[in-house]
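Undergrad: Sequence unavailable; structure follows:
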């Protein structure tokens, strides 16, 4: 089974955090640098190093714009005001070093306050001279040495970002000359993320939820509430789950939200999985919750070697969802089933029914865990034409069960073990038997019956 990428966004997500996490997972730094050079983009350099965040060793990917392209995205005084930066610094450093540094902090605060005003002036002045729109950026990508897959990913991210900015400003995506997206560091972050994803061979990406803070943040358009409009538009349009945390600050940037929306294929972790590798990317902003994005390469598993702890005593609970559909194509219904299973549904089936005026229709039934109900309902509302879903909480009696691999005359095969009243029954798994039948060029039923007899 192919690897999946799981993004744990407990401290939000941004472009630099994403690239850092992917590099930490093993993306090739040489390929990244060489491909970025082919963009023919001036005004920056990149720095990749190891840093400590909350005592953890994490990868830091930093785009260093020159003075003419600086946008102060990591200047805490500019983003939240000098008072915020000063108070935050005192909170963490004075607890560690004591109050003897008070005078030093006051001096740094004054310096930072003066520095902030200078930055604000330079920021406004610089970006007045250079704005890149979506057409210019897409041309830059298509003219580079990026692979077709990486180009497609990068274009999708920029397209999502352009749509969000266009909606925020009331113009078309083609008319957007957006500062954050057209900034040098944003272009590099997005293309670097696409290059690294392609290099790692990532297919499926699981993003369950994005954690976001509260308050306000300063950007080119002024002081805006958190989440900023572009981020909120992306979250809304692409049905990303947002969780507000009780920490002041912007944890989900528009670039980070666009990356998550563009690459996410699933929002539910498999029940069992094996972690192949962990990568951690560092953010540059200093908040109460450290800016770390943790990414994991995982392989779904089937709980081998142990029986389920769900007992045959009626104590297992499940939710049944039902809806009737008479105006939805078979292709759409089939796609909905695929998404439901991919997101963790226990079972999905269709029943032919007749509705008002004798119209033929299907009743879709979904069985899922109680904590998966909202995810399943969201898929049904999104992928089908239903306008209402019936739900019922049910108790069920299930057998103790487990999975293991056994050797047979045809080769290794996955089997399911069931136990009731002290007696065990072994059942070959369909996919495993089908693979052996195709490999041996034999009828499925013949292979299944032989394997069934061997594993009893």
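TA: Good, I have the coordinates. If you're wondering where the values come from, they're calculated on a predicted model, not measured in any experiment. Numbering: from 1, shown residues only.
Undergrad: Grab the nearest non-local neighbour of residue 3.
TA: Among residues not flanking residue 3 along the chain, residue 297 sits closest, at 5.0 Å (Cβ to Cβ, 6 or more residues apart in numbering). In this view, the C-beta of every residue, glycine as well, is placed from N, C-alpha and C.
Undergrad: Is that neighbour in contact with residue 275, as I believe?
TA: Yes - Residue 297 lies in contact with residue 275 (Cβ atoms under 8 Å); the separation is 7.3 Å.
Undergrad: Between these two, which is the more surrounded one?
TA: residue 297 (19 against 10; other Cβ atoms under 10 Å).
Undergrad: Report the beta-bridge partner residues of the residue nearest to residue 3.
TA: Taking DSSP bridges as the rule, residue 297 bridges to residue 5, residue 277.
Undergrad: Report the contact partners of it.
TA: Residues in contact with residue 297 (Cβ atoms under 8 Å, 6 or more residues apart in numbering) are 3, 4, 5, 6, 25, 200, 275, 276, 277, 278, 279.
Undergrad: Kindly reformat the residues you listed as a markdown table containing pLDDT and distance to residue 354.
TA: Listed next are these as a markdown table, based on pLDDT from 0 to 100; distance: Cβ to Cβ, whole Å:
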| residue | pLDDT | distance to residue 354 |
| --- | --- | --- |
| 3 | 70 | 45 |
| 4 | 89 | 41 |
| 5 | 95 | 45 |
| 6 | 96 | 43 |
| 25 | 96 | 53 |
| 200 | 94 | 50 |
| 275 | 93 | 49 |
| 276 | 92 | 50 |
| 277 | 94 | 53 |
| 278 | 96 | 53 |
| 279 | 96 | 53 |
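Undergrad: Taking those residues together, which two end up most distant?
TA: 200 and 275 (14.9 Å; Cβ to Cβ).
Undergrad: chain center to stretch 375-392: distance?
TA: 22 Å (Cα atoms, centre = their mean, to the nearest Å).
Undergrad: again with stretch 446-456
TA: That offset, for stretch 446-456, works out to 42 Å (Cα atoms, centre = their mean).
Undergrad: can you check stretch 52-71 too?
TA: For stretch 52-71, the distance to the chain centre is 21 Å (Cα atoms, centre = their mean).
Undergrad: Identify the residue nearest the geometric centre of the protein.
TA: residue 207 (3.0 Å; Cα atoms, centre = their mean).
Undergrad: can I assume that residue is in contact with residue 7?
TA: Yes - in this structure, residue 207 is within contact of residue 7 by Cβ under 8 Å, at 5.0 Å.
Undergrad: who touches both of the two?
TA: residue 260.
Undergrad: neighbours around the closest residue to residue 419 other than its chain neighbours, how many?
TA: With sequence-adjacent residues excluded and distances taken as Cβ to Cβ, 6+ apart, residue 419 is closest to residue 400, at 4.3 Å. When neighbours are counted by other Cβ under 10 Å, residue 400 registers 15.
Undergrad: Let me know whether residue 400 touches residue 422 as I believe.
TA: No - in this structure residue 400 lies outside contact range of residue 422 using Cβ under 8 Å: 10.3 Å.
Undergrad: Could you check stretch 391-406 and say which residues are buried?
TA: By neighbour count on 16 or more other Cβ atoms under 10 Å, the buried set for stretch 391-406 is 399, 401, 402, 403.
Undergrad: Let me see the mean pLDDT of it.
TA: Averaging pLDDT along stretch 391-406 gives 84.
Undergrad: Endpoint to endpoint, that stretch covers what distance?
TA: 39 Å (Cα to Cα, to the nearest Å).
Undergrad: if we can go back for a sec, most neighbours out of the contacts of residue 297, which is it?
TA: residue 5 leads the contacts of residue 297 on contacts (other Cβ under 10 Å) with 25 neighbours.
Undergrad: picking that back up, distance check, the residue nearest to the centre of the chain against residue 46.
TA: Distance of residue 207 to residue 46, computed by Cβ to Cβ, to the nearest Å: 25 Å.
Undergrad: returning to that earlier point: identify, from the contacts of residue 297, the entry nearest to residue 164.
TA: residue 5 (22.8 Å).
Undergrad: Which residues are in contact with that closest one?
TA: 197, 200, 202, 204, 205, 206, 263, 295, 296, 297, 298.
Undergrad: One more: residue 13?
TA: Taking Cβ under 8 Å, 6+ apart, one finds 7, 210, 251, 252, 253, 256, 257, 259, 260, 293 in contact with residue 13.
Undergrad: Contact partners for the residue lying closest to it once chain neighbours are set aside?
TA: The spatial neighbour of residue 13 that comes closest, neighbours along the chain excluded (Cβ to Cβ, 6+ apart), is residue 256 at 3.6 Å. Residue 256 makes contacts with 12, 13, 14, 15, 17, 18, 210, as judged by Cβ under 8 Å, 6+ apart.
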